[in-house]
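Asker: Can you look at this prediction? I've put the sequence above it.
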Amino acid sequence: MKETLFLGIATVLDAIGAFSVSVQHRYTGYSCFGCAVIMVLAAVGVAYRGAYRLKRGKEELGRILVELSQCELAAYNGNDGRDYDELLRKLEKVKSRIAEVGKKYLDSSIESRFLAVNVLDVQLDEATRRHFIDRAQGRFWTVYQKIKGWRTCVDRLLQDLPR
């Protein structure tokens with residue numbers, strides 16, 4: 001969007017410069033041509049920056065998806081309070097990375113969409129539920145559900161981003 005604005009301004013400056021040169025106002029015309037070149041360079045810079053930010057944002061979301069997969073496995077295999085505390089520490093790190101990626105590369109609403117995921121958004125199948133009940137790991141059950149919801153959220157974010 002911004003690059004279109006810069007190119008439009010460059011076109012107007014080019015027309016003003018051409019008219020100025022044709023009526024013997026060379027300094028005004030040449031300065032308009034120079035400004036038009038600067039506007040074109042600004043348009044190219046803005047387009048490149050947008051593409052770069054999108055690419056880096058996708059890469060970072062992919063890494064976060066891998067981290068969430070590892071956290072999901074840790075929640076599934078968790079045994080005691082030490083494992084639970086370690087898992088919560090990793091999840092706090094993931095939350096801060098999501099906020100950083102949203103602000104730095106993509107859209108700040110990504111963090112709010114990520115944090116809006118609720119435990120009730122994901123229902124576990126009977127076998128998975130039985131796994132947690134048999135091992136008496138109720139704390140891990142809710143964290144596991146939340147991680148599954150977060151993975152779905154990040155996956156949808158990646159799908160929604162333009163290619």
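Answerer: Looks like it arrived, so ask away.

Asker: what's the least confident helix or strand in the protein, going by average pLDDT?
Answerer: helix 126-134 (a mean of 72; mean pLDDT, DSSP states H and E).

Asker: List the buried residues in it.
Answerer: In terms of neighbour count (16 or more other Cβ atoms under 10 Å), helix 126-134 has its buried residues at His131, Phe132. The C-beta positions use only the backbone N, C-alpha and C, and glycine is treated the same way.

Asker: now stretch 139-150
Answerer: By neighbour count on 16+ other Cβ under 10 Å, the buried set for stretch 139-150 is Arg139, Phe140, Trp141, Val143, Tyr144, Gln145, Lys146, Ile147, Lys148, Gly149, Trp150.

Asker: hang on, the earlier thing: give me the residues contacting the least confident helix or strand of the chain.
Answerer: Tyr76, Leu124, Gly138, Phe140, Trp141, Tyr144 (Cβ atoms under 8 Å, 6 or more residues apart in numbering).

Asker: Now flag whichever of the buried residues of stretch 139-150 is closest to Val12.
Answerer: Here the nearest of the buried residues of stretch 139-150 to Val12, counting by Cβ to Cβ, is Trp150; it sits at 47.9 Å.

Asker: shouldn't the closest one be in contact with Leu65?
Answerer: No - Trp150 lies out of contact with Leu65 (Cβ atoms under 8 Å); the separation is 9.2 Å.

Asker: so how far is stretch 40-50 off the chain centroid?
Answerer: A distance of 20 Å separates the centroid of the chain from that of stretch 40-50, by Cα atoms, centre = their mean, to the nearest Å.

Asker: Pull out the CA atoms of it and give them to me as CSV.
Answerer: Taking Å, rounded to 0.1, in the frame of the first residue of the first chain, the C-alpha atoms of stretch 40-50 are listed here in CSV:
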residue,chain,number,x,y,z
VAL,A,40,10.9,5.2,-6.2
LEU,A,41,13.8,4.0,-4.0
ALA,A,42,11.6,4.4,-1.0
ALA,A,43,8.9,2.3,-2.7
VAL,A,44,11.4,-0.4,-3.4
GLY,A,45,12.6,-0.3,0.2
VAL,A,46,9.1,-0.5,1.7
ALA,A,47,8.2,-3.4,-0.6
TYR,A,48,11.4,-5.3,0.3
ARG,A,49,11.0,-4.6,4.0
GLY,A,50,7.4,-5.9,4.0
